[in-house]
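A.B. asks: predicted model, plus sequence, below.
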Protein chains: 4
Amino acid sequence: MRPIGRTRWACSGGPIPVSGSGPEPPFTPHDRLGLLNAGDEVAHVRITLHYVDGGPVGPYPISVAPRRVRQLRLNDLIDPVAMPLEAAYAAVIASDVPIVVQLTRQDTRRRTLALTGTVAFAGDE
Amino acid sequence: MRPIGRTRWACSGGPIPVSGSGPEPPFTPHDRLGLLNAGDEVAHVRITLHYVDGGPVGPYPISVAPRRVRQLRLNDLIDPVAMPLEAAYAAVIASDVPIVVQLTRQDTRRRTLALTGTVAFAGDE
Amino acid sequence: MRPIGRTRWACSGGPIPVSGSGPEPPFTPHDRLGLLNAGDEVAHVRITLHYVDGGPVGPYPISVAPRRVRQLRLNDLIDPVAMPLEAAYAAVIASDVPIVVQLTRQDTRRRTLALTGTVAFAGDE
Amino acid sequence: MRPIGRTRWACSGGPIPVSGSGPEPPFTPHDRLGLLNAGDEVAHVRITLHYVDGGPVGPYPISVAPRRVRQLRLNDLIDPVAMPLEAAYAAVIASDVPIVVQLTRQDTRRRTLALTGTVAFAGDE
């Protein structure tokens, strides 16, 4: 049976705040992608970031080992270009094998914690 | 390959609070749509708002440039009619090319920050 | 074109807290469904509630006028049976015409506001 | 008519915090799955957990009675192996009959409550 997932995903985040409250790194504001590769082959993933202004940036190459999870803080993407904070973005995620993508946002601008998240949009194949 | 997304979307928000706490605009309560156009052509988008009472309002025309993101605070929709606050609504989003739509709600009625959000419902084509 | 939506939906909520903090009703803990009927005919909706123990309860009949939204606090369902609080539940929503269903949960057990929500699961037809 | 749902689901959570604030168990940080079996037969469910390092763990066998809901705190999975906290994970949920799966996360590391959640990803069949 084909592993669960799809090969094309997208999500659309708001601007990631530059600074929050509380100890870092656990309370640093961030958007993160949870990437599941439930299959038996390495997933070669390419993330392209789209912005309000300027051309798309990327692809950022990421690999996810078979039967493994990878958590990726988008703030940590630096090659080819560090992701700008405070900029609205969307991510398009393409993989050579099926994966599952979920987005979580942590916002600590106030002295409390706000979370939101969603399974990303799974593109048709 | 066809760009990722669909041409018909919907989401159903609760009432957007009139007033919150904290500095504006960053902490103004709002619902916003993140619209991704990952394709090579301009997306001509039409948003129709439905309410508990009264006929649907719109369409509000919006365009999203190729390979770009647009963040739209629903509170900011004013033409043809300013969106009423404190009114439950739903948005139907139609585009001439595939897009991806994600909803984020920020609520600051209390002295903290609450967030929620979801990828919108992607209609069949 | 067929109106956007599906005729079968489901979501699975946790227990709704009995009591919260802050003025009622705006800060009463609740789960609510946003029901969008974007079509031209009345939607006759039947909600069935499933629990951890005991048989399913319902259906609760609800109608949504054409091109209208209805927000339904599940706490307010009383006929045929008032919904018990503090009980995990799931809702199955069936409609005779396509609708879109979104779930929002508000939790004020603490002196702040927590929100979460998601588009419900759209069943195959 | 076939009961609503699918037989393969996945979600990808971040690390579950070891400790939070407030009385336990209601305010213990946790990720929980809401499993709805709206059909007439027992659902035999097998949950496999994937991690950043190490092989997948499981399956954890769970059953859900007909027309019932089951809420499962992932923190409570102990057989065959207790789930490690503070470790990013993803869950693959397989059932012999259709079910609906929704994820809710509660985080109380700060003296407030943060919630997030989403319908899990429904795999193709």
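C.D. replies: Looks like it arrived, so ask away.

A.B. asks: could I get the full set of strands for chain A?
C.D. replies: Assigned by DSSP state E, chain A shows strands spanning A:6-13, A:30-37, A:43-51, A:57-64, A:68-73, A:89-107, A:114-119, A:121-122.

A.B. asks: what residues does chain A have near chain B?
C.D. replies: A:8-14, A:48, A:50-53, A:55-56, A:88-90, A:92, A:105, A:107, A:109-112, A:114-121, A:123-124 (C-beta under 8 Å from any C-beta of the partner chain). For the C-beta atoms, the positions are set from N, CA and C on the backbone; glycine is no exception.

A.B. asks: related to what we said a few turns ago, deepest in the core, which of the strands of chain A is it.
C.D. replies: Here the criterion is mean neighbour count by mean count of other C-beta atoms under 10 Å in any protein chain shown, and of those the winner is strand A:114-119, at a mean of 27.

A.B. asks: list the strands paired with it, with their directions.
C.D. replies: Partners of strand A:114-119 in the sheet, by DSSP bridges, are strand A:89-107 (antiparallel).

A.B. asks: just the C-alphas of the partner strand, formatted as CSV.
C.D. replies: Taking C-alpha atoms only, strand A:89-107 is exported to CSV below (Å, rounded to 0.1, in the frame of the first residue of the first chain):
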residue,chain,number,x,y,z
TYR,A,89,4.6,34.3,3.6
ALA,A,90,3.3,31.1,2.2
ALA,A,91,5.2,27.8,1.8
VAL,A,92,4.8,25.3,-1.0
ILE,A,93,6.2,22.0,-0.1
ALA,A,94,7.1,19.4,-2.8
SER,A,95,8.3,15.9,-2.1
ASP,A,96,9.3,13.0,-4.3
VAL,A,97,7.4,10.6,-2.1
PRO,A,98,4.2,11.0,0.0
ILE,A,99,4.5,13.0,3.2
VAL,A,100,2.1,14.6,5.6
VAL,A,101,2.6,18.3,6.6
GLN,A,102,1.2,20.1,9.6
LEU,A,103,1.8,23.7,10.5
THR,A,104,2.0,25.0,14.1
ARG,A,105,2.4,28.7,15.1
GLN,A,106,3.6,29.8,18.5
ASP,A,107,3.2,33.5,19.4
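
A.B. asks: off-centre distance for it?
C.D. replies: Centre-to-centre, strand A:89-107 and its host chain are 4 Å apart (C-alpha atoms, centre = their mean, to the nearest Å).

A.B. asks: state the mean pLDDT of it.
C.D. replies: Average pLDDT, strand A:89-107: 97.

A.B. asks: tell me the contacts of the closest residue to A:R46 other than its chain neighbours?
C.D. replies: In space, and not counting its chain neighbours, A:R46 is closest to A:P59: 3.6 Å by C-beta to C-beta, 6 or more residues apart in numbering or on different chains. With contacts defined as C-beta atoms under 8 Å, 6 or more residues apart in numbering or on different chains, the neighbours of A:P59 are A:R46, A:I47, A:T48, A:A94.

A.B. asks: give me the beta-bridge partners of the spatially most central residue of chain A?
C.D. replies: The centroid of chain A falls nearest to A:L33 when counting by C-alpha atoms, centre = their mean (3.3 Å). Beta-bridge pairing of A:L33 under DSSP bridges involves A:L72, A:L103.

A.B. asks: quickly note the distance from it to C:D76.
C.D. replies: Distance, A:L33 to C:D76, by C-beta to C-beta, to the nearest Å: 37 Å.

A.B. asks: ok, A:T48 touching A:M83?
C.D. replies: No: assessed by C-beta atoms under 8 Å, A:T48 is found out of contact with A:M83, at 11.9 Å.

A.B. asks: ok, and the closest non-adjacent residue to the residue in chain A that chain B sits nearest to?
C.D. replies: Residue nearest to chain B within chain A: A:S12 (3.2 Å; C-beta to the nearest C-beta). Once flanking residues are discounted, A:S12 sits nearest to B:G34: 3.2 Å by C-beta to C-beta, 6+ apart.

A.B. asks: how about A:D53?
C.D. replies: B:R68 (7.6 Å).

A.B. asks: which strand residues bridge that neighbour?
C.D. replies: Beta-bridge partners, per DSSP bridges, of B:R68: A:Y51, B:N37.
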